[in-house]
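Engineer: predicted coordinates and the sequence they were generated for:
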Amino acid sequence: MRKRLIFNAFSMNAVSHVYHGLWRHPATRQTELNQLSTWVDLARTLERGRFDALFLADVIGVDKGHNGSWDIYLKEGIHFPANDPSVLAAALIGATNQLGLMFTSSILQAHPFDFARRVSTLDHLSGGRIGWNIVTSTSRNAAANFGFTEPVPHDERYRWADEYVEIAYKLWEGSWDDDAVLLDRDGRVYADPHRIRPIDHAGSRYRVAGPHLTTPSPQRTPVLIQAGSSRAGRAFAARNAEATFLVCLTPQAAGTAIGDIRAELVQAGRRPEDLLFFQGLSFVVGSTEEEAWRQSRAIDEYVSTDGLAAHVGRDLGIDFGLLDPNKPVADYQIEGLQGFTQFFEEANPGRKARLIDLVTAMSYNGRIVGTPEQIADHLEAWQDAGIDGVNVAYQTTPGSFVEFIEHVMPELRQRGLAQREYAPGTLRERLFPGRPALLAENHPATRFRQLHSQAAE
């Protein structure tokens, strides 16, 4: 029996998330994004299927990234409109009992004091089921939405992120002692003032006095997720993250990336097993391989290739609408595409990557089509490469998740690849069996647990 994989449903409170154009499919509820019942039904379905978490993506701006315009993003609903995932997570707490709720929040969009308070509140109300996907936001429009005339340079964003998480750590880990709340009714003492202290943070961007306004939540610090693939992003993940999101073309490529990141993790003073790797994948299931591919072709009739190009181009900072999609990538000498071009050509020996190949590969490299047994075989190969879990993307919602739960999960459970029941405890305890609800002692945030004794001395 194999070690089980972690399964998160990868979604977004938007019209169109990964497979653009499919909001037009008659069997999807994507256009019902503003209805709470849509999300309650999905969350309860995931919980019945023993998914570990609902992972909510987000954007905080819409850029003019295709044909020099933002028209396609508005016209085809590509990450627009997009609602606040933290508010949705709060709404789903009462509708679920076990499902983890992971949401994306950028360092741009909320002051760290306010954000830390919000997360602690969510972690309390959910009984310790909250995860935070830390992003730094490359969007030019996002920067403008929050008062910047230009996007913050890449490496400076990560220096900013370092200070942002430091403040959050001080508030979550260092502001309250574990035994600060006394609940002494006779003595009229709710909390001991000597066991609660300000953080008095003074950095390059923020001045935060504290103390944290919320008592320590079940996890204190939420499960920390980070998806940066750049050198600075990987270094940040090695220092801070407990899980990172991969979108690799092949299991072999994933194995290489995982090995590199684990080496950085050790250099940062942490253990290789302190970081979980979630690969983004999607699935089309059939009782036979022929049926699965027939369903895949039927789904693809709704896919917008222009929408995929607009999404991928925006993320890479390249306007594919102004380029010939059939020309080889090498003809353009675009530095930002070199790494991904290499991945594509290694996965497709003898083929020279065209721009259209990269567009479709970045959207379809993670799609697995086949019978439940074939899908399980593929997942075993990904696990052998080193991944710990899967962020399951959908083509239709909730249909893609329902098909996976009803047809693939039984095969995975038979092989030991999926959990049969939820383990007790917080989200962190479930993702890291045998560990406590709090951050591991070698995590950099834990140094702020000594804040009280240092201040007293």
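Structural biologist: Everything's here; your move. As the structure is a computational prediction, the values presented were derived from the model and not from experiment.
Engineer: ok, Ser296 - contacts?
Structural biologist: Residues near Ser296 by C-beta atoms under 8 Å, 6 or more residues apart in numbering: 284, 367, 369. (Glycine included, C-beta is placed from N, CA and C.)
Engineer: show me what counts as buried in the strand or helix carrying it.
Structural biologist: Counting by DSSP states H and E, the element that carries Ser296 is helix 289-300. Within helix 289-300, the residues scored as buried using 16 or more other C-beta atoms under 10 Å are 292, 295-296, 299-300.
Engineer: any idea how many residues pack against the nearest residue to Ser139 once chain neighbours are set aside?
Structural biologist: Leaving aside its sequence neighbours, Ser139 sits nearest to Gly61 (C-beta to C-beta, 6 or more residues apart in numbering; 4.0 Å). Gly61 has 22 neighbours, counted by other C-beta atoms under 10 Å.
Engineer: surely Gly61 meets Phe148?
Structural biologist: No. With contact defined as C-beta atoms under 8 Å, Gly61 does not count as touching Phe148 (10.7 Å).
Engineer: packing partners for the strand or helix carrying Trp160?
Structural biologist: Applying DSSP H and E as the criterion places Trp160 in helix 154-169. Applying 3 or more C-beta pairs under 8 Å, 6 or more residues apart in numbering; DSSP states H and E, one finds that helix 154-169 contacts helix 112-126, helix 231-240.
Engineer: does the closest residue to Asn141 other than its chain neighbours sit in a helix, a strand or a coil?
Structural biologist: Nearest non-adjacent residue to Asn141, counting by C-beta to C-beta, 6+ apart: Gly61, 3.3 Å away. At Gly61 the chain is in coil, as set by DSSP: H, G, I helix; E, B strand; the rest coil.
Engineer: need the pLDDT of Gly61.
Structural biologist: The model reports Gly61 with a pLDDT of 95.
Engineer: from Gln109, how far off is it?
Structural biologist: Separation of Gly61 from Gln109 (C-beta to C-beta, to the nearest Å): 10 Å.
Engineer: need the contact list for Val402.
Structural biologist: Per C-beta under 8 Å, 6+ apart, neighbours of Val402: Thr45.
Engineer: that one: which element?
Structural biologist: Assigned by DSSP H and E, Val402 belongs to helix 399-403.
Engineer: who are the contact partners of the residue nearest to Ser139?
Structural biologist: With contact taken as C-beta under 8 Å, 6+ apart, Gly61 is in contact with 137, 139-145.
Engineer: narrow those to those in strands?
Structural biologist: Assignment to strands by DSSP state E places none of these there.
Engineer: report the two of those residues separated the most.
Structural biologist: Pairwise distances across the contacts of Gly61 peak at 11.2 Å for Ser137 and Ala144 (criterion: C-beta to C-beta).
Engineer: right, and Thr221 touches Glu166 too?
Structural biologist: No. If you go by C-beta under 8 Å, Thr221 and Glu166 don't touch, sitting 11.9 Å apart.
Engineer: more neighbours: Ser137 and Ala144, which one.
Structural biologist: The neighbour comparison of Ser137 against Ala144 (other C-beta under 10 Å) goes to Ser137, with 23 against 14.
Engineer: Pro433: how many residues sit nearby?
Structural biologist: Neighbours of Pro433 (other C-beta under 10 Å): 10.
Engineer: report the contact partners of the nearest residue in space to it that is not next to it in sequence.
Structural biologist: Take Pro433 and drop its neighbours on the chain: the residue closest to it by C-beta to C-beta, 6+ apart is Ala423, 6.7 Å away. Ala423 makes contact with 429-430, 433 under the criterion C-beta under 8 Å, 6+ apart.
Engineer: repeat the analysis, applying 10 Å as the threshold.
Structural biologist: 98, 429-431, 433 (C-beta atoms under 10 Å, 6 or more residues apart in numbering).
Engineer: can you check Thr121 too?
Structural biologist: The contact partners of Thr121, by C-beta under 10 Å, 6+ apart, come to 90, 130, 213-214, 217.
Engineer: tell me which stretches of the stretch 201-350 of the chain form helices.
Structural biologist: Assignment of helices within the stretch 201-350 of the chain using DSSP state H, counting those that start in this stretch yields the ranges 231-240, 251-267, 289-300, 305-316, 338-347.
Engineer: among these, which is the most enclosed?
Structural biologist: Highest mean neighbour count among the helices of the stretch 201-350 of the chain (mean count of other C-beta atoms under 10 Å): helix 305-316, with a mean of 22.
Engineer: same for that one, what does it pack against?
Structural biologist: Applying 3 or more C-beta pairs under 10 Å, 6 or more residues apart in numbering; DSSP states H and E, one finds that helix 305-316 contacts helix 71-75, helix 355-364.
Engineer: rank these by pLDDT, which is bottom?
Structural biologist: If the helices and strands packed on helix 305-316 are sorted by mean pLDDT, helix 355-364 sits at the bottom with a mean of 76.
Engineer: now do that helix: which elements does it pack against?
Structural biologist: helix 305-316, helix 338-347.
Engineer: where among the ones you listed is average confidence lowest?
Structural biologist: With a mean of 66, helix 338-347 has the lowest mean pLDDT of the helices and strands packed on helix 355-364.
Engineer: right, and the helix or strand after the helix holding Trp160?
Structural biologist: That would be, after helix 154-169 and using DSSP H and E, strand 181-184.
Engineer: now that following strand: average pLDDT?
Structural biologist: Summarised as a single mean, pLDDT over strand 181-184 is 97.
Engineer: about what we covered before: just say which of the helices and strands packed on helix 305-316 is most tucked in.
Structural biologist: A comparison of these by mean neighbour count, using mean count of other C-beta under 10 Å, puts helix 355-364 on top with a mean of 20.
Engineer: now the angle from it to helix 305-316?
Structural biologist: 90 degrees (axes from the mean of the first three to the mean of the last three C-alpha atoms, to 10 degrees).
Engineer: going along the chain, name the helices of the stretch 351-457 of the chain.
Structural biologist: For the stretch 351-457 of the chain, the helices defined by DSSP H, counting those that start in this stretch occupy 355-364, 372-385, 399-403, 409-414, 427-431, 451-456.
Engineer: would you mind listing the buried residues in the third one?
Structural biologist: Going back to what we said before, that points to helix 399-403. Buried residues in helix 399-403, counted by 16+ other C-beta under 10 Å: 400-403.
Engineer: pLDDT for these - can I get that in CSV?
Structural biologist: Shown next, in CSV, are the buried residues of helix 399-403 (pLDDT from 0 to 100):
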residue, pLDDT
Ser400, 98
Phe401, 98
Val402, 98
Glu403, 98
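Engineer: quick check, nearest of the residues you listed to Ala202?
Structural biologist: Proximity of those to Ala202 (C-beta to C-beta) peaks at Phe401, which lies at 46.4 Å.
Engineer: tell me the SS of Asn133?
Structural biologist: Classification of Asn133 by three-state DSSP places it in strand.
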